[in-house]
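> With the sequence up front, the predicted model follows.
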Amino acid sequence: MAHVEHVLAVVAVSSLEASRPWYTKLFGREPDNNPMTTLIEWQITDNGWVQVTEDPTRAGHSLLNLAVSDLAEGVREIRELGIDPGEIIDANKGVRLCPLTDPDNNQITLVGNFRVKY
């Protein structure tokens, strides 16, 4: 296989028009790219992208984990934006998780204390 240069996480939504404001709020800015009428994208790391695509058949079944540098701060910011996250839970080996759901009930999890090796 050729060298992988970017990772693209895909979240399926029932309506791009309805979901765009929620994801714009979550990422704190408008999408970085709109390559098709049914797809918008945010570049969230140097080589990591989140694609939100209109796909009513798959909507509500996506999982997206976002490892953040400071979970408590991330949750505070999310609340200030008007997004209602779940409770922070202790997972394993010091990792902490905070679940949220988008308008289609896709599960987005903020991950604190993520490490490459455990």
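Good, I have the coordinates.

> packing partners for the lengthiest helix in the chain?
The longest helix of the chain (DSSP state H) is helix 16-27. On a contact count with 3 or more C-beta pairs under 8 Å, 6 or more residues apart in numbering; DSSP states H and E, helix 16-27 meets strand 39-45, strand 48-54. Quick note: C-beta positions are derived from backbone N, CA and C, even for glycine.

> Those strands into TSV, with extra columns for mean neighbour count, distance to Leu26 and mean pLDDT?
As requested, the helices and strands packed on helix 16-27 are exported to TSV (neighbours: other C-beta atoms under 10 Å; distance: least, C-beta to C-beta, whole Å; pLDDT from 0 to 100):
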stretch	mean neighbour count	distance to Leu26	mean pLDDT
strand 39-45	17	9	98
strand 48-54	19	9	98
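
> Those into a markdown table, with extra columns for distance to Lys93?
Shown next, in a markdown table, are the helices and strands packed on helix 16-27 (distance: least, C-beta to C-beta, whole Å):
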| stretch | distance to Lys93 |
| --- | --- |
| strand 39-45 | 22 |
| strand 48-54 | 23 |
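
> Give the closest residue to Ile44 in space, chain neighbours not counted.
What sits nearest to Ile44 in space, not counting adjacent residues and going by C-beta to C-beta, 6 or more residues apart in numbering, is Val50, at 5.7 Å.

> surely that neighbour meets Val13?
No: if you go by C-beta atoms under 8 Å, Val50 and Val13 don't touch, sitting 11.7 Å apart.
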